[in-house]
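# 3D model of this:
(chains A and B)
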Amino acid sequence: MTRTEIERLNEADRLIQEIVRDMGLDFMSQEFDVVPVEKMLEIMAYRLPVNFSHWSFGRDYESERTRHEHGFGAPYEVVFNSDPARAYLMDTNPFAVQVLVMAHVYAHNDFMKESRHFQRTRRDMISSASEAAARFREYERDYGIDAVERVIDAGMAIQWNVDPDEDLHQESEAAARDRIFGWAKPHAPRGAYEDLLPRPPEFPTDQKRELRKHTPPEPTVDLLGYLIEHSPRPLAEWEKDVLSVIKGQALYFMPYRRTKIMNEGWATYWHEKIMQRLFKERFLTTEEHGLYNLYNARVKAHNPRAVNPYLLGSALFESIEDRWNKGRFGRDYLEVENAEARERWDSGLMKGRQKLFEVRRTHMDWFFVDEFLDRGVVEDLNLYVYLEKERDNAFESVVEVTAWEKVKQYLVQSLMNWGIPRILVVDGNYKGSSQLYLKHVFEGLPLDEEYCRKTLGYIHELWSRPVYLETYEPYLHQLRAKLYVADEQSIHVHEE
Amino acid sequence: MAVVQPDYGSAPRGNTDAARHREKIKEAIRQNLPEIIGNEAIITRKENQIVRVPVRGVKSYHFIHNQGGAGGGFGSGEAQKGKVVATRPKTGSGQPGKPGGEPGVDYLETEIDLDELIGMMLDDLGLPNLQKKEIEETSTSEGWTYNSIEKTGIRPRLDKKRSIKEAIKRTEILVGLLAKETGRIEEDCRRALDMALGDYAQARLILDRTPAFPQGEARGGPALASSDLRYHAIEEEVRHLSNAVVIAMMDVSGSMDTMKKYFARSFFFWMLSFLRTIYKHVEIRFIAHTTEAKLVDEYEFFHKGESGGTQCYAAYDLAGELIDSEYPPSRWNIYPFHFSDGEDWDAEQSVLSLKAVLRRGVSAFGYGEIQTDYSASILMTAFERGLDMQEQRSDGYTYYSGQWSSTPLLGMIIRSRQDLYPALRVLLRTE
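Next comes the predicted model:
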């Protein structure tokens, strides 16, 4: 890229900042690196600019490259929640696309600065991952690539089995026991309603002794963290380091995972407004604006086999803005039964933008979709549920459900708990002999057996003692319990 | 400045880790070989040794929900209930793709060495991976040649250059030896050896008797002793030949649709790749036919369709002429292979013409019949009768085989892409 081109991008950067401030967005200082295609693909595959080596990243790299070379044609954007925020521009993109990405990135930046889900994540992840990569290389040298790979394989398998809000309620096991079993010292009433709060149950002394030994004191979703702390194997220091790095990165990416539709929707909603202004202010030529429109259409393209978060997210924000501008919410509106009257409803409230900023601060996808996805949006976008059906030598994706309430119900269900099955560590000393007892919280869908078996294999590798997993699955219109057991010999299943 | 272009040193981590992943997906490739050999990406790449193969990446396992059945998911865009929004071919193994945000379940293209792929296939077929030593060679005399040197011989074959070299070598060694033994300067030793006509004992005597040599010109060059003489050895020159030609014949009449040609194409490609591991030099010629036959290039062979009927003997006749004019069987291993959909207006004549080709001495003849539900299979029936080919079964795959004098004959029935691989198995086993 020539000096003049870089110069023009910097000019765009200054202009976008002005516009964005004017529009009421807030942002951390922002930096852009212009990088070659390969580096861009690598960042996307490795999730971070520099990260440790693992075959799965290599696989994703080839997958990204395949997608890129087959010209899916959507502009790539990567931005990291660091301070200053760092984003990447691909050097082969035409100018209009670079500006589009920059506008998009500033809205992400605002989101990361203001959304409450991003508030507690570490902002030094880029350098931290790079340092971890260097340490992992040393481990590879000292203990062999295969040994390191085994630990990474196992850690990655349960990377999402962590507690995304752990820093909100960090306490030691002893403190937790005190809280649960009422061994905490009596304290002054914390307000007038203290006596209405549940009281810790009373336990007889001998039972207390039992409970004191019980670990974890109460069931936890932080499976990975529990393994790091309590594995009876025991884990070597370097293994704990590897697993802790994986856990740290998972926690770092959790807010992205929880707000994918919102985050992309927010950025898309704003980049459209920003690009419009840039065109009006004649910073972009008509041709460049035309090219932008083409790429923007790709960004918001329908995907027959997936929900495009850019499309759904921006449509939801547009819908919220419209509804809150016209006052189309609350009892007065909802009680109007006449469709025509609803159609005409406009109380002139004009609180659209205000509502948008509020929602972006507080919500995550699960509640965002649950609260704001209405009939209008589902039908405008033609959202549907498809099923894979086997026919001759192929699998066909066949549209199955289009009724808006059903589509919404399934979509919310898929976003529940950000799509991760809840697995609780119930007992780390099961049968009094360091066996691990896990329990799947059944929330409507059973676990996939193949994936479950493999994952239990990894857990067993880290734990070394037998591992149990209790789960349920629908069977003859009922639920039946299912117990997986992973031990030295095999992974087997007991069905009720 | 907020926008900068930093210089990222080239540390291609992506590629190194991708290589590690590739090791892991070898297994997946092995399981999907039948799919992969039917894939165009390989067929259209000819010279390139590295091919890109679409494979399903190794899965990353973690706890996921089971959607039930073959899976499902969400989509958007114009669609009514019951509309098919996407179709994916089944893979040879495993489950259909899981929907949703599962990275890595998608197909990706990975790079693999074509030879390695063939190696994997041979492995899977239980065939030895053929090395050079097993190359089939035919040899012909090309006259006589000098290739080595011997110490005895007749005058006309004296190698003067080599003989003088030997003399120089010997002289230098003796001069060195004399200088060491007598302590005299090299120049004196050289003069003495020269005077003694190369005889070591004589030279020593001369040195002992002559404390100092007079200044003067030394005689030029070392003396040739009889032990220095070298003669050319005469040998018969033999040319080792390892040539094979595939005469690819195909019915290009209207009834051969794209899919059938696609099967034929992948088949020829793999046959060629395979023969290249056996022979040093492999050629392929293309004969396209309807009721008439003509030599065409590869592109035309696979891409052009013609209207008209089918008379297969036209192709066999042309193949015979081609063998006579360009591929004498004494120097070539000839593999005529023919693909059609079984249609033939004059099957009796085709059998006769084919026999004429076989009589010329070919290595094997193969016939692939790509059948559909409506195929008549006239030609295979004629071969069954006229060439006494027998129906065979192998792992559920039906084919025909026979022999005409000592030439192996093979008839393969291909009904779908799943039949390609067993057909290749049968072909390679016959080889």
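
# can we go C-alpha only for contacts and neighbour counts from here?
OK.

# Which parts of the stretch 351-496 of chain A are strands?
Remark: strands assigned in the stretch 351-496 of chain A by DSSP state E, counting those that start in this stretch are A:384-391, A:394-401, A:423-430, A:435-440, A:467-475, A:478-486, A:491-495.

# Could you spell out the sheet neighbours of the shortest one, each with its direction?
Spelled out, that is strand A:491-495. With DSSP bridges as the test, strand A:491-495 is paired with strand A:478-486 (antiparallel).

# thinking again about what came up before, generate a markdown table for the strands of the stretch 351-496 of chain A, with mean neighbour count and distance to residue A:248 as supplementary columns.
As requested, the strands of the stretch 351-496 of chain A are exported to a markdown table (neighbours: other C-alpha atoms under 10 Å in any protein chain shown; distance: least, C-alpha to C-alpha, whole Å):
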| stretch | mean neighbour count | distance to residue A:248 |
| --- | --- | --- |
| strand A:384-391 | 23 | 34 |
| strand A:394-401 | 22 | 37 |
| strand A:423-430 | 21 | 19 |
| strand A:435-440 | 22 | 22 |
| strand A:467-475 | 19 | 24 |
| strand A:478-486 | 17 | 27 |
| strand A:491-495 | 14 | 29 |
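
# want to try JSON lines for those strands, with mean pLDDT as columns?
Listed next are the strands of the stretch 351-496 of chain A as JSON lines, based on pLDDT from 0 to 100:
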{"stretch": "strand A:384-391", "mean pLDDT": "87"}
{"stretch": "strand A:394-401", "mean pLDDT": "87"}
{"stretch": "strand A:423-430", "mean pLDDT": "96"}
{"stretch": "strand A:435-440", "mean pLDDT": "97"}
{"stretch": "strand A:467-475", "mean pLDDT": "92"}
{"stretch": "strand A:478-486", "mean pLDDT": "93"}
{"stretch": "strand A:491-495", "mean pLDDT": "90"}
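
# okay, those in JSON lines with distance to residue B:75 next?
Converted to JSON lines, these look like this (distance: least, C-alpha to C-alpha, whole Å):
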{"stretch": "strand A:384-391", "distance to residue B:75": "6"}
{"stretch": "strand A:394-401", "distance to residue B:75": "9"}
{"stretch": "strand A:423-430", "distance to residue B:75": "28"}
{"stretch": "strand A:435-440", "distance to residue B:75": "28"}
{"stretch": "strand A:467-475", "distance to residue B:75": "26"}
{"stretch": "strand A:478-486", "distance to residue B:75": "29"}
{"stretch": "strand A:491-495", "distance to residue B:75": "35"}
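
# Out of the ones you listed, which is closest to residue B:314?
strand A:394-401 (39.0 Å; C-alpha to C-alpha).

# Please name every helix or strand in contact with the closest one.
strand A:384-391, strand B:84-89 (3 or more C-alpha pairs under 8 Å, 6 or more residues apart in numbering or on different chains; DSSP states H and E).

# what sits up against that strand?
A:305, A:384-390, A:407, B:72, B:79-90, B:96 (C-alpha atoms under 8 Å, 6 or more residues apart in numbering or on different chains).

# How far off centre is that strand?
Mean-position distance between strand A:394-401 and its chain equals 27 Å (C-alpha atoms, centre = their mean, to the nearest Å).

# Where do the domain boundaries of the chain fall?
As the question left the chain open, I've gone with chain A. Chain A is divided into the following domains under automatic domain parsing: A:3-115+A:259-299, A:166-184+A:194-219, A:309-416, A:421-495.

# should've been chain B
Segmentation of chain B into domains, based on automatic domain parsing, reads B:15-58+B:104-114, B:132-137+B:242-430, B:147-234.

# Would you reformat these as CSV and include distance to residue A:465 and mean pLDDT?
Output for these, formatted as CSV (distance: least, C-alpha to C-alpha, whole Å; pLDDT from 0 to 100):
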stretch, distance to residue A:465, mean pLDDT
domain B:15-58+B:104-114, 27, 63
domain B:132-137+B:242-430, 44, 82
domain B:147-234, 73, 82
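
# would you turn the ones you listed into TSV with mean neighbour count and distance to chain A?
Output for those, formatted as TSV (neighbours: other C-alpha atoms under 10 Å in any protein chain shown; distance: least, C-alpha to the nearest C-alpha, whole Å):
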stretch	mean neighbour count	distance to chain A
domain B:15-58+B:104-114	18	4
domain B:132-137+B:242-430	19	10
domain B:147-234	16	53
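
# Test my guess that residue A:114 contacts residue A:361.
Yes. Using C-alpha atoms under 8 Å, residue A:114 makes contact with residue A:361 at a distance of 5.6 Å.

# Measure how buried residue A:340 is and give me the count.
9 (other C-alpha atoms under 10 Å in any protein chain shown).

# Secondary structure of it: a strand, I assume?
No. Judged by DSSP: H, G, I helix; E, B strand; the rest coil, residue A:340 forms no part of a strand; its state is helix.

# While we're on it, how confident is the model there?
Among the per-residue scores, residue A:340 shows a pLDDT of 89.

# any idea which helix or strand comes after the helix ranked longest in chain B?
Looking across chain B with DSSP state H, the single longest helix is helix B:160-182. Helices and strands here follow DSSP states H and E; after helix B:160-182, the next one along the chain is helix B:186-195.

# Next, count neighbours for residue A:451.
Neighbour tally, residue A:451, other C-alpha under 10 Å: 19.

# so how far is chain B from it?
Distance, residue A:451 to chain B, by C-alpha to the nearest C-alpha, to the nearest Å: 5 Å.

# returning to what we had before: looking at the helices and strands packed on strand A:394-401, which is closest to residue A:146?
Across the helices and strands packed on strand A:394-401, closest to residue A:146 is strand B:84-89 (C-alpha to C-alpha), at 34.7 Å.

# Average pLDDT for that closest one, rounded please.
Per-residue scores along strand B:84-89 average to 77.

# now do stretch A:409-419
On average, stretch A:409-419 scores 89.

# Next, find the distance separating residue A:90 from residue A:311.
23 Å (C-alpha to C-alpha, to the nearest Å).

# before we move on, what about residue B:80?
Counting by C-alpha to C-alpha, the gap from residue B:80 to residue A:311 is 20 Å.

# quick one: which of these two has more around it?
Remark: of residue B:80 and residue A:311, residue A:311 carries more neighbours, 23 against 15, as counted by other C-alpha under 10 Å.

# name the element the more buried one belongs to?
Per DSSP H and E: helix A:309-326 holds residue A:311.

# cool, and residue A:110?
Following DSSP H and E, one finds residue A:110 within helix A:95-114.

# And the contacts of that helix?
Here helix A:95-114 has contacts from A:9, A:12-13, A:16-17, A:20, A:25-28, A:30, A:75-79, A:81, A:85, A:87, A:89-90, A:118-119, A:263-264, A:266-268, A:270-271, A:274-275, A:284, A:288-289, A:291-292, A:295, A:360-361, using C-alpha under 8 Å, 6+ apart.

# Next step: the residues you listed restricted to helices.
Filtering the contacts of helix A:95-114 for helices - DSSP H - leaves A:9, A:12-13, A:16-17, A:20, A:263-264, A:266-268, A:270-271, A:274-275, A:288-289, A:291-292, A:295, A:360-361.

# Can you tell me which of these are also in contact with chain B?
Restricting these to those near chain B by C-alpha under 8 Å from any C-alpha of the partner chain leaves A:9, A:13.

# Weed out the non-buried ones from the ones in helices among the contacts of helix A:95-114.
The neighbour count (16 or more other C-alpha atoms under 10 Å in any protein chain shown) marks A:9, A:12-13, A:16-17, A:20, A:263-264, A:266-268, A:270-271, A:274-275, A:288-289, A:291-292, A:295, A:360-361 as buried among the ones in helices among the contacts of helix A:95-114.
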